[in-house]
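Visitor: Requesting a structural model of the entry that follows:
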Amino acid sequence: MEELTKKEEEVMQAVWQLKEVFVKDIITYLDPTNSIPYNTISSIVRILEKKGYVGYKAFGKTYQYYPLISKMQYRKFSFSRVMDNYFDDSVENLLSFMVKEKKLSAEDIQKIEQLIKKNEDHE
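Guide: Okay, here's the model as predicted:
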């Protein structure tokens, strides 16, 4: 799986949300005023198709796009990259960072402890 640019990711968010879309649907989803040029989104969708993220059905000269990669698959891929690249694939490093940056409240830590306990009970 290939990493997406920010713009490609924005377009994929629309495709994941809408499921089956035409370029005009993506434009409306991203900007209801329709100020984004059609060719810009069309080019991004073609790149996503080449990267294997979207498939399409042809209706004459018009194409309807749909996701080939689920949002969950991309989430796992992205999270893996973050873990590998920034936290040396260590959950401890990730949690330590989150605590130091005050991204985890006491309530969050309690929820994590409950998740761990629940997971241990299922093993």
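Visitor: Could you break the chain into its assigned domains?
Guide: 6-67, 90-123 (automatic domain parsing).
Visitor: and these, which one is worst for confidence?
Guide: Within the domains of the chain, confidence is poorest for domain 90-123, with a mean of 83 (mean pLDDT).
Visitor: ok, and for that domain, which residues are buried?
Guide: Leu94 (16 or more other CB atoms under 10 Å). For the C-beta atoms, the positions are set from N, CA and C on the backbone; glycine is no exception.
Visitor: returning to that earlier point: out of the domains of the chain, the one nearest Gln73 is which?
Guide: Closest to Gln73 of the domains of the chain is domain 6-67 (CB to CB; 9.3 Å).
Visitor: Dump the domains of the chain into a markdown table; add distance to Ser78 as well.
Guide: Putting the domains of the chain into a markdown table (distance: least, CB to CB, whole Å) gives the following:
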| stretch | distance to Ser78 |
| --- | --- |
| domain 6-67 | 9 |
| domain 90-123 | 14 |
